[in-house]
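Chemist: I'll drop the sequence and a predicted model, then ask my questions.
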Amino acid sequence: MLEIRNLHARIAEDGTEIIKGLDLTVKAGEVAAIMGPNGSGKSTLSYILAGRDDYEVTEGEILYNGESILEMDPAERAAAGIFLAFQYPMEIPGVATMQFLKVAMNEQRKARGEAELTTPDFIRLVKEAAGSLDISMDMLKRPLNVGFSGGEKKRAEILQMKLLAPKLCVLDETDSGLDIDALKIVADGVNSLRAPDRATIVITHYQRLLDYIEPDTVHVLSKGRIIKTGDKSLALELEAKGYADIINEAA
Ligand SMILES: Nc1ncnc2c1ncn2[C@@H]1O[C@H](COP(=O)(O)OP(=O)(O)OP(=O)(O)O)[C@@H](O)[C@H]1O
């Protein structure tokens, strides 16, 4: 599904290299957790996957279903099924959440050559998905993320993900700022999308989330590279011991 080989990437503006020879494979059906110290490049990796143009790939390859995505713009990547749930979701004043969702869903359908959703079909899908995430229809009338609490923003990201049903889901610290109930709601939302033809990357600092979203693999990102890969026991080990041993071992 996703194969990243020897990826090097830098900040376009000043040339600082952030990703320094990163290798990562995530298979279809797999949930991969990425953990790592602050500033190691986790969000940068997620932005690069989504195609944000503040970063330049200088070496290496990102293959999605066997094909390079490096030449694809963010909209093409989204239409191909790549989705990023942001660590800090953006506020979009003046655009009602409902409207945003409708445009996002229909744009992707158009790009795939499918017919636009009818309004009744759209409303039915949104109601179903919003209900499962404890999001009220009143909230959906408000401009996207404007004045939403931290937890509401994260739930709105999962709502978008459920409605767009991407094939590669990247969740950047979706657990940060969530209360215990919201954490379970979000985890249920992510788990409901588990499927043999879908891969999920969960970036997190805390093992706690992985009690709810059980990962198949856990990868440690440090200074722009994956320095260790293991199963879910690796997350427990990190929680108990921190990163120092693994970073020293890799060095
Ligand atoms: N546009 C930018 N301009 C300057 N520095 C940047 C930019 N984008 C990323 N960086 C730097 O790149 C490094 C990696 O940042 P990134 O946000 O990817 O880390 P992270 O692993 O997600 O950290 P955290 O766990 O704190 O969220 C940091 O040192 C950050 O300051």
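Modeler: On my side now, so go ahead.
Chemist: enumerate the residues of the stretch 51-200 of the chain near the ligand.
Modeler: Asp54 (Cβ under 6 Å from any ligand atom). Where you see a C-beta, it was placed from the backbone N, CA and C, and this is true even at glycine.
Chemist: residue of the stretch 51-200 of the chain nearest the ligand, please.
Modeler: Asp54 (5.3 Å; Cβ to the nearest ligand atom).
Chemist: Ser43 is in contact with that residue, correct?
Modeler: No - counting by Cβ atoms under 8 Å, Asp54 does not reach Ser43; the two are 11.3 Å apart.
Chemist: who's more crowded, those two?
Modeler: Per other Cβ atoms under 10 Å, whichever of Asp54 and Ser43 has more neighbours is Ser43, with 17 against 10.
Chemist: any idea where the strands of the stretch 151-251 of the chain begin and end?
Modeler: 168-172, 199-203, 217-222, 225-230 (DSSP state E, counting those that start in this stretch).
Chemist: adding mean neighbour count and mean pLDDT, write those strands out as a markdown table.
Modeler: Shown next, in a markdown table, are these (neighbours: other Cβ atoms under 10 Å; pLDDT from 0 to 100):
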| stretch | mean neighbour count | mean pLDDT |
| --- | --- | --- |
| strand 168-172 | 25 | 96 |
| strand 199-203 | 25 | 97 |
| strand 217-222 | 22 | 98 |
| strand 225-230 | 18 | 97 |
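Chemist: Arg5 is nearest to which of those strands?
Modeler: strand 225-230 (11.4 Å; Cβ to Cβ).
Chemist: neighbouring strands for the closest one, and are they parallel or not?
Modeler: Here strand 225-230 has these sheet partners by DSSP bridges: strand 217-222 (antiparallel).
Chemist: residues in contact with Arg198?
Modeler: With contact taken as Cβ atoms under 8 Å, 6 or more residues apart in numbering, Arg198 is in contact with 28-29, 166-169.
Chemist: check the residues you listed and tell me the two furthest apart.
Modeler: Between all members of these, the farthest pair (by Cβ to Cβ) comes out as Gly29 and Pro166, at 14.2 Å.
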